[in-house]
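Peer 1: requesting a structural model of the entry that follows:
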Amino acid sequence: MNLHNLNKEHKKLTIWQQNLNKSPSCQHGLISSRRLAKHNIDIIALQEPSINFLNKTIATRDWIPLYPSTHSKQPEKTCSITLIWGDIQTDNWEQLEFPSGDVTALCIRETWGTLTLFNIYNDCEHDTTLDTLTNYHRQHTRNLMGAESMHQDHHLIWLGDFNHHHPYWDNPEDNRLFMKVALDVAEILLKTIADLGMDVALAKGTPTHCHNVMKKWTRLDQVFVSEHTMEAITICDTLPGERGVNTDHIPIITVLDMELTKAPPQRAKNFREVDWKKFHETLEEKLIKLGISEHINSQPVLDNTCKKLTTALQDTIDVEVPCTDICTKSKRWWSKELSLLCRETAKLGRKSYKHKRWVDHPVHKEHMAAQKKYSKTIQYSKKHHWRDWLEKATDPDLWTAHRYISAPASDGGKTRIPFLTIQDPEGEHTASTNTSKSVALAKTFFPRKPQQTDSITEDANLPLPICKTNPITKDQIRKHITRL
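Peer 2: Numbers count the residues shown, from 1 in each chain. Next up is the predicted model:
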């Protein structure tokens, strides 16, 4: 499957999912190059993402990272992160609060209905995550599935790394996977998705995981969707050539015939790639055609000449300056060499996957060598770019470096107001939508004026109010004013 032809018109919802084995190099190669943004991926669902010592993941300004609801309290247990394309209207989606670091939940509302997506990492040693998911669906059935009359407009997707083997999705000839204990555990997962009315979207027998030691291919990653949502899926397949480095899982692409509301795309001009000799020739031709005055002796002539010069420059820029593929939203240290290594590694990855049954084929060693070189080049480019920048820093750069150091830790993603916890007389609740967040912030920064019925002052010069039955003391007045 060609990644370039997945969603050319950007009118379909495209989801990329992959387990990254907590590798920073793999996540940089996936996100920092901006190739996913270029290929119109809307949602990236990552399992076992890279989390640094500041408890942040890796992102760019193209993406809005969604951390699990428990990340702020238990960042070491975060095993699932979802990234949303920044141009998607934030009013049309919201993150759902889920009590586990293994799941990030997202709800999208559009004219075609509602889509609820769960990005899941299920640990191979226990099924606690599946139990939590089952309880969550029981408590929120109406919100997830809708009323009976609106059931067809509510779509449900479970995707991620489930760490279970079963003949229903694995290669039935691989008997070593189907021990009784493994089948009993997988039956629990099958029963759960059957009770929720979901089915497997990825074709049976499609491998997604290569064992690091035995080099055997199995199926650990899944895409489960509600039965009526199967009709909206146009593509659900793997991309073996896009595996990346330091991970044994290959990505899965799911494309649904569901259009999202997005801001219009913007492209930047790349002045570093300009052929300046040709640029000057084109500019000279346009200036001759416009007839620029050689002598300027009045204000009208000056204004007219400036207008013609501006027009000539803009027309020449439109013709001679190419649009950039690596814009300011990419990492500054990303280079052409990394792009070439990325393509070469992907090419060898596709060849290696074609010969997956021949473990001793030389293409596997070539692919591994290319992966190592690609990973080392990522680390080298990132380290030396910032080191060289600091060593050659001038006055403005020093202020920029100070701003980087003194600013709060960031993942580099597009900012968005997180969940807000609100305390009021009715109790504590969470604001998750844009509307509820704006109302909460407005009440906080612009509170209503208290009613001035019986104004009490602490001014010693004014007489105190006297009540014969229950006299008021100064301490009582101070406490009352403190409450106000």
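Peer 1: what comes up buried for the helix of greatest length in the chain?
Peer 2: Taking DSSP state H as the criterion, the chain has its longest helix at helix 362-391. The neighbour-count check on helix 362-391 (16 or more other CB atoms under 10 Å) flags 363, 364, 367, 370, 371, 374, 375, 377, 378, 381, 382 as buried. No exception for glycine: its C-beta is placed from N, CA and C like everyone else's.
Peer 1: what does stretch 423-436 give?
Peer 2: 431, 432, 434, 436.
Peer 1: what's the closest of those to residue 101?
Peer 2: Here the nearest of these to residue 101, counting by CB to CB, is residue 432; it sits at 17.8 Å.
Peer 1: which SSE is residue 237 in?
Peer 2: strand 233-238 (DSSP states H and E).
Peer 1: avg pLDDT for the helix or strand just after that strand?
Peer 2: Downstream of strand 233-238, the first helix or strand assigned by DSSP H and E is strand 252-256. Averaging pLDDT along strand 252-256 yields 94.
Peer 1: same question for stretch 185-202.
Peer 2: Mean pLDDT, stretch 185-202: 92.
Peer 1: can you get me a residue count around the residue nearest to residue 134 when sequence neighbours are not counted?
Peer 2: Nearest residue to residue 134, sequence neighbours excluded (CB to CB, 6 or more residues apart in numbering): residue 192, at 5.8 Å. When counting by other CB atoms under 10 Å, one arrives at 18 neighbours for residue 192.
Peer 1: ok, residue 109 - contacts?
Peer 2: Residues in contact with residue 109 (CB atoms under 8 Å, 6 or more residues apart in numbering) are 92, 93.
Peer 1: could I get the phi/psi values of it?
Peer 2: Per-residue torsions, residue 109: phi -120, psi 120 (degrees, to the nearest 10).
Peer 1: how about the one 5 residues further on?
Peer 2: Dihedral pair for residue 114: phi -120, psi 130, per degrees, to the nearest 10.
Peer 1: just residue 202 next, same as before
Peer 2: phi -80, psi 140.
Peer 1: so it touches residue 224, yeah?
Peer 2: No. Residue 202 is beyond contact range of residue 224, at 9.2 Å (criterion: CB atoms under 8 Å).
Peer 1: other residues contacting the strand holding residue 237?
Peer 2: The contact list for strand 233-238 (CB under 8 Å, 6+ apart) reads 1, 6, 12, 201-203, 206-208, 223, 225, 250-257.
Peer 1: one more: stretch 147-156?
Peer 2: Residues from elsewhere that reach stretch 147-156 (CB under 8 Å, 6+ apart): 112-116, 118, 144-146, 196, 198, 225-226, 228-229, 232, 258.
Peer 1: what about residue 160, how many residues close to it?
Peer 2: Residue 160: 29 surrounding residues under other CB under 10 Å.
Peer 1: and it, helix, strand or coil?
Peer 2: strand (DSSP: H, G, I helix; E, B strand; the rest coil).
Peer 1: spatially, what comes nearest to it if we skip its sequence neighbours?
Peer 2: With sequence-adjacent residues excluded and distances taken as CB to CB, 6+ apart, residue 160 is closest to residue 120, at 3.6 Å.
Peer 1: please tell me how far the one you found sits from residue 237.
Peer 2: Distance from residue 120 to residue 237, counting by CB to CB, to the nearest Å: 20 Å.
Peer 1: any of the contacts of strand 233-238 buried? List them.
Peer 2: For those, a burial check counting by 16+ other CB under 10 Å picks out 6, 12, 201-202, 206-208, 223, 225, 250-256.
Peer 1: can you pick out the most distant pair from the residues you listed?
Peer 2: Farthest pair in the buried ones among the contacts of strand 233-238, by CB to CB: 12 and 207, 25.3 Å.
Peer 1: which one's more surrounded, residue 120 and residue 237?
Peer 2: Neighbour totals were compared for residue 120 and residue 237, and residue 120 leads with 26 against 16 (other CB under 10 Å).
Peer 1: adjacent strands (with direction) for the strand or helix carrying that one?
Peer 2: Using DSSP H and E, residue 120 sits within strand 113-121. Strand 113-121 has these partner strands in its sheet, going by DSSP bridges: strand 103-110 (antiparallel), strand 154-161 (parallel).
Peer 1: so what touches the next helix or strand after the last one?
Peer 2: Read that as strand 154-161. Sequence-wise, the next helix or strand downstream of strand 154-161 (DSSP H and E) is helix 180-195. Identification of contacts with helix 180-195 by CB under 8 Å, 6+ apart yields 122, 127, 130, 133-134, 158, 162, 164-166, 168, 199, 224.
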